[in-house]
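Chemist: 3D model of this:
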Amino acid sequence: MATTHLRACDVPEVRQGLLQWADDNVVRGQRGSGAIQVNGFTDPFLMQSAVRGAEQFFVNDRMTWLARTTGEELPVCAFDADDLPDPIGFLLWSDDPSAHTQTLGRPRAVLWCRAGMALRVLVLDDAGPYRRTLEELGGRADPTWARQVRGSLAGDLAIGFGATIPLNTETEWDEVKHTWAVDKHGRPAKDRYGVGADRVNDINEDQLRIIRTLLGTLLLIRQPADARRALWQADQVRPDAAARKRLRRAGAEHPDAPVRYITLRQSIRPASDDDRGARDTAGRIYRHQWFVRPHRRTYPDHDDPTGYSRKWVGPYLVTPEGCEDAPILGRERVVSVLRRGG
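Modeler: Model prediction:
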């Protein structure tokens with residue numbers, strides 16, 4: 001199965017491959033042969049439990065593109081507990097969540113797990129580029145590098161990097177990189193593959209873009225109180241009969257578990273001779289909707305020692321009454337995506 005052509009109904013099999021890797025990793029630890037530890041998921045049992053219990057999500061190309069665009073413009077890193085669609089989730093993007101200018105693998109999926117007021121995140125790559133590179137190099141591959149790469153392959157995915165991010169806290173983006181870029185003593189993390197300090201810094205920037213896209217994705221799929229403001233729509237997709245049979249053969253506990261398929265909400269361009277509009281109380285006439293980008297706002301909070309808390313507002317659509325099918329105004333990059341296919 002090529003991860004670059006995955007469908008929503010393929011997600012359970014991809015997750016099953018990751019679960020098999022996690023099961024094997026637990027056994028390696030129990031045998032004393034060295035379980036692979038990932039930042040944020042240093043306990044193999046925690047990773048195994050997270051993969052097994054995760055809700056499944058698939059984000060299509062256009063939604064991924066908008067999440068990347070949104071993430072690039074977020075002023076701070078602020079993952080709020082209320083914005084998580086589920087405490088544990090496995091999400092697969094159908095398009096690249098970052099430019100990945102320096103990373104060998106193509107970032108493709110993410111596993112998250114809430115632990116108290118922290119969010120543990122594991123980013124997973126498309127295994128294809130790693131497998132092809134190993135095959136091309138053959139006996140010329142550095143033995144240490146080849147052993148590390150083979151140990152990271154989890155079916156259609158490859159273990160990328162992990163991060164632990166505080167919840168309900170605003171963090172500067174540069175500080176987020178320290179989660180994986182420095183060790184517990186504050187020194188630059190070990191260059192495992194010997195690529196040099198400049199290349200390591202480029203990789204760290206690539207990885208930060210993925211975290212930005214993850215936050216942008218979670219904000220976009222958060223359901224506003226007023227459903228008319230939603231930028232997304234979700235359907236439940238299940239594996240087909242052949243996939244369910246393969247999952248049962250692989251030992252999957254719930255071979256028919258649904259996947260939440262996240263797509264962009266479509267707007268319908270009205271006919272050119274349609275002069276309908278919507279009036280507000282001031283007598284203004286609206287013939288469009290508009291996009292509000294995400295921003296932080298302070299709210300009273302009796303449960304917080306300071307008496308207030310800051311939360312994300314947006315992104316969302318402003319849809320005056322009677323304009324549900326009107327065109328969407330705003331930044332042209334967003335408008336062109338929202339209208340495409342409408």
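
Chemist: next, Asp301: phi, psi?
Modeler: Main-chain dihedrals, Asp301, degrees, to the nearest 10: phi -150, psi 100.

Chemist: with the one 5 residues further on instead?
Modeler: Dihedral angles phi and psi of Thr306 (degrees, to the nearest 10) take the values phi -80, psi -10.

Chemist: need the per-residue pLDDT for it.
Modeler: pLDDT recorded at Thr306 is 82.

Chemist: quick one: it from Asp83, how far?
Modeler: From Thr306 over to Asp83 the distance is 20 Å, taken as Cβ to Cβ, to the nearest Å. In this view, the C-beta of every residue, glycine as well, is placed from N, C-alpha and C.

Chemist: the two: who's more crowded?
Modeler: Using other Cβ atoms under 10 Å as the criterion, Thr306 and Asp83 rank with Asp83 on top: 16 against 8.

Chemist: what sits against that one?
Modeler: By Cβ atoms under 8 Å, 6 or more residues apart in numbering, the contact list for Asp83 reads 218-219, 222, 312.

Chemist: longest helix of this structure?
Modeler: Counting residues, the longest helix found in the chain (DSSP state H) is helix 197-221.

Chemist: which among the contacts of Asp83 gets closest to Val11?
Modeler: Val11 has its nearest neighbour among those in Leu218, at 17.2 Å by Cβ to Cβ.

Chemist: thought the closest one was touching Pro85?
Modeler: Yes - counting by Cβ atoms under 8 Å, Leu218 touches Pro85, with 6.9 Å between them.

Chemist: which one's more surrounded, the two?
Modeler: Leu218 (22 against 17).

Chemist: do you know how far the nearest residue to that one once chain neighbours are set aside is from Leu167?
Modeler: Leaving out its chain neighbours, the residue that sits closest to Leu218 by Cβ to Cβ, 6 or more residues apart in numbering is Asp83, at 5.4 Å. Distance of Asp83 to Leu167, given as Cβ to Cβ: 9 Å.

Chemist: likewise for Thr69?
Modeler: Distance, Thr69 to Leu167, using Cβ to Cβ: 24 Å.

Chemist: how many neighbours does Ser172 have?
Modeler: Rather than Ser, residue 172 is Glu. Using other Cβ under 10 Å, Glu172 is surrounded by 10 other residues.

Chemist: which ones are touching it?
Modeler: With Cβ under 8 Å, 6+ apart, Glu172 has these contacts: 76-77.

Chemist: give me the pLDDT for it.
Modeler: At Glu172, pLDDT is 92.

Chemist: what do you get for Pro87?
Modeler: We have a pLDDT of 95 for Pro87.

Chemist: over to the one 5 residues further on?
Modeler: The per-residue pLDDT reported for Leu92 equals 94.

Chemist: is the closest residue to it other than its chain neighbours in a helix, a strand, or coil?
Modeler: The shortest distance from Leu92 to any non-neighbouring residue, by Cβ to Cβ, 6+ apart, is to Ala109 (4.5 Å). At Ala109 the chain is in strand, as set by DSSP: H, G, I helix; E, B strand; the rest coil.

Chemist: in terms of contact, does Ala109 touch Val14 like I think?
Modeler: Yes - in terms of Cβ under 8 Å, Ala109 counts as a neighbour of Val14; the distance is 7.0 Å.

Chemist: which neighbours do the two share?
Modeler: 92, 157.

Chemist: more crowded one of these two?
Modeler: The neighbour comparison of Ala109 against Val14 (other Cβ under 10 Å) goes to Ala109, with 26 against 23.

Chemist: residues contacting the more buried one?
Modeler: Contacts of Ala109 (Cβ under 8 Å, 6+ apart): 14, 90-93, 123-124, 157.

Chemist: give me that answer again for 10 Å
Modeler: Applying Cβ atoms under 10 Å, 6 or more residues apart in numbering, one finds that Ala109 lies in contact with 3, 6, 11, 14-15, 18, 57-58, 90-93, 97, 122-126, 154, 156-157, 160.

Chemist: is Ala109 bridged to anything, and to what?
Modeler: Leu92, Leu124 (DSSP bridges).

Chemist: may I see the buried residues of stretch 299-308?
Modeler: Across stretch 299-308, burial judged by 16 or more other Cβ atoms under 10 Å covers no residue at all.

Chemist: err, stretch 144-161, not the other one
Modeler: Buried, per 16+ other Cβ under 10 Å, within stretch 144-161: 145-146, 149, 151-161.

Chemist: note down every partner strand of the helix or strand containing Pro166 and its orientation.
Modeler: Using DSSP states H and E, Pro166 sits in strand 157-166. Sheet pairing for strand 157-166, assigned by DSSP bridges, gives strand 118-126 (antiparallel), strand 153-154 (antiparallel).

Chemist: which positions in the first one come out as buried?
Modeler: Yep, that's strand 118-126 we're talking about. Buried residues in strand 118-126, defined by neighbour count with 16+ other Cβ under 10 Å: 119-126.

Chemist: from these, pick the one nearest Ile210.
Modeler: Nearest to Ile210 among those, with distances taken as Cβ to Cβ, is Val123, at 5.4 Å.

Chemist: alpha carbons of stretch 160-179, as PDB, please.
Modeler: This file holds the C-alpha atoms of stretch 160-179, laid out as PDB (Å, rounded to 0.1, in the frame of the first residue of the first chain):
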ATOM      1  CA  GLY A 160       9.600  10.300  12.900                       C
ATOM      2  CA  PHE A 161      10.000  12.400  16.100                       C
ATOM      3  CA  GLY A 162       8.200  13.000  19.300                       C
ATOM      4  CA  ALA A 163       7.300  16.100  21.300                       C
ATOM      5  CA  THR A 164       5.700  17.000  24.600                       C
ATOM      6  CA  ILE A 165       3.700  20.200  24.500                       C
ATOM      7  CA  PRO A 166       2.000  21.900  27.500                       C
ATOM      8  CA  LEU A 167      -1.700  22.300  27.200                       C
ATOM      9  CA  ASN A 168      -3.600  25.600  27.900                       C
ATOM     10  CA  THR A 169      -0.300  27.400  27.800                       C
ATOM     11  CA  GLU A 170       1.100  30.000  25.300                       C
ATOM     12  CA  THR A 171       4.600  29.100  24.200                       C
ATOM     13  CA  GLU A 172       6.800  30.900  21.700                       C
ATOM     14  CA  TRP A 173       7.400  28.700  18.600                       C
ATOM     15  CA  ASP A 174      11.200  28.800  19.100                       C
ATOM     16  CA  GLU A 175      10.800  27.300  22.500                       C
ATOM     17  CA  VAL A 176       8.700  24.400  21.100                       C
ATOM     18  CA  LYS A 177      11.800  23.200  19.200                       C
ATOM     19  CA  HIS A 178      13.700  22.700  22.400                       C
ATOM     20  CA  THR A 179      11.300  19.700  23.100                       C
END
